[in-house]
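> turn this into a structure:
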Amino acid sequence: MANPLLLDLGVVLFFGFTGAFIAHRLGQSVIVGYIVVGMLIGPHATGLVHDFELIHSLAELGVVFLMFFLGLEFSLDRFRRLKNSVLTIGTAELVGNLSVGFLIGYALGWPPVDRLFLAGILAMSSSGVVAKLLFDMKRTATREAEVLMGIMVFEDFVAVIFLGILSGVAAFHSVQMQVVGLAIAKAVAFYSVFAFLGVKVLQKVESLLAILDSDELFVTLMLGLVVLAGAFAAALGFASAAGAFLLGMIINNSDLKERIHHKIVAFKDVFLVVFFLAFGMLINPRQLLPVLGLVAAIVPISAFTEVAVTSSAAFLSGFRAKTALAIGAGMVARGEYALIYATLGFTSGAISDQLFQFTAGYVLAMTLIAPTLMRNYRTTHRYVSRITPDFIRYGGKLVSGAMRPLMFPEETGVPSPYGMRLTILLILYVAILSTAFVTIGVIELVALTGLGLLVLWMIRRYFRSHLAIVQSQACLDDISQCPYTQKEVISFVTNMVTALLAILLLVASFWGYGGYYTLILMLSFTAYILLVSYRIYRRNQKQGIPPD
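Numbering: from 1, shown residues only. Below you'll find the predicted structure:
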């Protein structure tokens, strides 16, 4: 009689290969093939896999190994070189997507816990899918690919913190300001202590690994370390993936990283296949049909938000319009994080079955459209250029030209304003914004709003003073024909950034108490930007200077 484990694992891997092969031949991500095959062989369809609980346990190893290898890619040197543009674009992208997720959940009448999980599901892109698409399209050596992977590294780090928040919320099955705040504090403390102790211990372990000539012993020790790191995190109430990510992040020896990739990566690939198929097995095809309408409604909103927000942030950060659109289109793919969040919420009973089934359809749809958007970003650029009024394009170029020396100090030789103080302020702002979206008490919201406005005031002062320093030392050839003085340009840029952040904070705080008023605020901000851009453009024309 065949061993049930061997039979089930053989079925999973064989049919996983079949699904991936078909998806690859159709020009789609292999993730699509894995999920579809998982649905077909799962208990809700053919039932070819009998011991689903055992397969689900093995699937957790896929997440652990995935996050470990993502931690290995967290290159502090590369991140430091791109940090200005990465932090700016990445923060804008996360804030925009999280906000849309919260607001969609509110519009659907979902409870706060579902809104929080929906925000995470819609917000996080898939570094694995994006990297594979860049490789398949032979665009890994481009500037946008380098920035994309930098943003992915930043997003991976934030996603692990968000995973810790969701783990805390799932444990209590409710969203409370103190629960979210405690989860954030615990996550930061855990990461700090783990990183500190890990570096001390790893220095000795690296010495041991360096003298291990036996591949068998090397693989055994590394697998044990990765699994134990995940188990340690789980024992402290965190997701096992968080411990694995941190272990990968603190490994700095390049030779050791290369050996790990060469010897261990196959285990990640195999168990990740099991994870994607196990997720598909949780999906009931009959229950998926009722959420197809929801998928069809949310996917266009999510894709448009991703492209519009990320491309705008990239353009206003100094990238040319075509490159900015390539960056925005490259962030559309969704995958592992959406599945991890949905699986966490569903297995803990924290989210509804409707949201879980929606996630499957959403990931499939976003993964299907991502290659098309990435291949046709030039066509999108031509279309957007034709329909965008001249005064908006000119105002955008003014901001982009003013911001470029700040975003790329290595090209201008000016000092970077992105110090630890501004980074902490931006992280604090995002934390306040996220907490405000899921807080329902009036007193707590007023306190959060006051704290948020204080943080914004500090950001404004810091940003304005450093932008003035940068502009005084940089060559402004791109906007030298503008009739505005440097002081006027700095005021325009600072006012726009501050107003946008303030509007988002007010929307997050009081959407539930006055949706119409917050909508008026958003429309007023849009009108302000359009009016100022038009005045700049008209003044330019009166000076007889071509708008370019």
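
> worst mean pLDDT across the helices and strands of this structure, which element?
When each helix and strand of the chain is scored by mean pLDDT, DSSP states H and E, helix 409-412 comes last, with a mean of 56.

> pLDDT weak spots in the stretch 151-300 of the chain?
Low-confidence segments of the stretch 151-300 of the chain, defined by pLDDT under 70: 153, 172-184, 187, 191, 194-195, 197-200, 202-203, 237-239.

> now do the strands in it.
Ranges of strands in the stretch 151-300 of the chain, per DSSP state E, counting those that start in this stretch: none exist.

> packing partners of the helix or strand harbouring Met496?
Counting by DSSP states H and E, the element that carries Met496 is helix 486-510. In terms of contacts (3 or more C-beta pairs under 8 Å, 6 or more residues apart in numbering; DSSP states H and E), helix 486-510 is packed against helix 76-107, helix 390-407, helix 420-437, helix 442-473, helix 515-542. C-betas here are computed from N, CA, C, even on glycine.

> among the ones you listed, which is nearest Ile340?
Put simply, out of the helices and strands packed on helix 486-510 the one that sits nearest Ile340 is helix 76-107, at 15.5 Å, with distance taken as C-beta to C-beta.

> which residues sit in contact with Val49?
For Val49, the contacting residues are 8, 11-12, 41-43, 55, 281, by C-beta atoms under 8 Å, 6 or more residues apart in numbering.

> filter those down to just the ones in helices.
8, 11-12, 41, 55, 281 (DSSP state H).

> name the nearest of those relative to Ala241.
Using C-beta to C-beta, Ile55 is the member of the ones in helices among the contacts of Val49 that sits closest to Ala241, with 18.0 Å.

> what's the neighbour count on the closest one?
Burial of Ile55, expressed as a neighbour count using other C-beta atoms under 10 Å, amounts to 22.

> was I right to think it contacts Leu9?
Yes. Under the contact definition of C-beta atoms under 8 Å, Ile55 touches Leu9, with a separation of 7.5 Å.

> joint contacts of those two?
Taking C-beta under 8 Å, 6+ apart as the criterion, Ile55 and Leu9 both touch Val274.

> returning to that earlier point: in ChimeraX, select just the buried ones from the contacts of Val49.
The ChimeraX selection below is limited to those of the contacts of Val49 classed as buried (16 or more other C-beta atoms under 10 Å):
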select :8,11,12,41,42,55,281
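
> can you redo the contacts of Val49 as TSV with distance to Phe463?
Written out in TSV, the entries for the contacts of Val49 read as follows (distance: C-beta to C-beta, whole Å):
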residue	distance to Phe463
Asp8	56
Val11	57
Val12	52
Ile41	54
Gly42	51
Pro43	54
Ile55	51
Met281	49
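
> nearest to Val265 among the contacts of Val49?
Minimum separation from Val265 among the contacts of Val49 (C-beta to C-beta) is found for Val12, which lies at 19.4 Å.

> list the residues that contact that closest one.
By C-beta under 8 Å, 6+ apart, the contact list for Val12 reads 41, 49, 55, 273-274, 277.

> what about 7 Å?
Taking C-beta atoms under 7 Å, 6 or more residues apart in numbering as the contact definition, Val12 lies against 49, 55, 274, 277.

> would you turn those into JSON lines with distance to Ala326?
Supplementary listing: the contacts of Val12 in JSON lines, determined by distance: C-beta to C-beta, whole Å:
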{"residue": "Val49", "distance to Ala326": "41"}
{"residue": "Ile55", "distance to Ala326": "39"}
{"residue": "Val274", "distance to Ala326": "34"}
{"residue": "Leu277", "distance to Ala326": "32"}
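
> just checking, which of these belong to helices?
Among the contacts of Val12, DSSP H puts 55, 274, 277 in helices.

> can you give me the neighbour number for Ile89?
As a burial measure, the neighbour count of Ile89 was computed by other C-beta under 10 Å and equals 31.

> nope, Gly16 is what I meant
Neighbours of Gly16 using other C-beta under 10 Å come to 23.

> can you tell me the element it falls in?
Under the criterion of DSSP H and E, Gly16 resides in helix 4-25.

> so how far is that helix from its chain's centroid?
Taking C-alpha atoms, centre = their mean, to the nearest Å, the mean C-alpha location of helix 4-25 is offset from the chain mean by 29 Å.

> which parts of that helix are buried?
In terms of neighbour count (16+ other C-beta under 10 Å), helix 4-25 has its buried residues at 8-9, 11-12, 15-16, 19-20, 23.

> and the furthest pair within the residues you listed?
With distances taken as C-beta to C-beta, the most widely separated pair in these is Asp8 and Ala23, at 22.1 Å.

> ok so, going back, can you add mean pLDDT and give the helices and strands packed on helix 486-510 back as a markdown table?
A markdown table is the format used below for these (pLDDT from 0 to 100):
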| stretch | mean pLDDT |
| --- | --- |
| helix 76-107 | 78 |
| helix 390-407 | 71 |
| helix 420-437 | 72 |
| helix 442-473 | 76 |
| helix 515-542 | 71 |
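
> of all the ones you listed, which lies closest to Gly168?
In terms of C-beta to C-beta, the element of the helices and strands packed on helix 486-510 nearest to Gly168 is helix 420-437, at 12.4 Å.

> now the helices for the stretch 251-400 of the chain?
In the stretch 251-400 of the chain, the helices defined using DSSP state H, counting those that start in this stretch lie at 254-282, 285-288, 292-316, 321-330, 336-347, 353-375, 377-387, 390-407.

> how close does the nearest residue to Ala119 once chain neighbours are set aside sit to Phe279?
The shortest distance from Ala119 to any residue that is not its chain neighbour, by C-beta to C-beta, 6 or more residues apart in numbering, is 3.2 Å, and that residue is Gly101. Using C-beta to C-beta, to the nearest Å, one gets 20 Å for the distance from Gly101 to Phe279.

> repeat that for Asp213.
Computed as C-beta to C-beta, the Asp213 to Phe279 distance reads 39 Å.

> one more: Glu206?
Glu206 sits 35 Å away from Phe279, taking C-beta to C-beta as the criterion.

> for Gly90, same thing?
26 Å.

> then Ile427?
30 Å.

> residues in contact with His262?
Going by C-beta under 7 Å, 6+ apart, the list of residues near His262 is empty.

> looking at the contacts of Val49, which is nearest Glu306?
Within the contacts of Val49, proximity to Glu306 (C-beta to C-beta) peaks at Met281, which comes in at 28.5 Å.

> wait, isn't the residue nearest to Ala119 in contact with Phe117?
No. Contact criterion C-beta atoms under 7 Å: Gly101 and Phe117 do not qualify, at 8.8 Å.

> and those two? Which one has more around it.
Neighbour tally, Gly101 and Phe117, criterion other C-beta under 10 Å: the higher count belongs to Phe117, 29 against 24.

> neighbour count: Asp213 and Phe279, which is higher?
Set side by side, Asp213 and Phe279 show unequal neighbour counts under other C-beta under 10 Å, the larger going to Phe279 at 29 against 7.

> so the more buried one sits right up against Val36, yeah?
No. Between Phe279 and Val36 there is no contact, the gap being 11.1 Å when judged by C-beta under 7 Å.

> what do the two both touch?
Common neighbours of Phe279 and Val36, using C-beta under 7 Å, 6+ apart, do not exist here.
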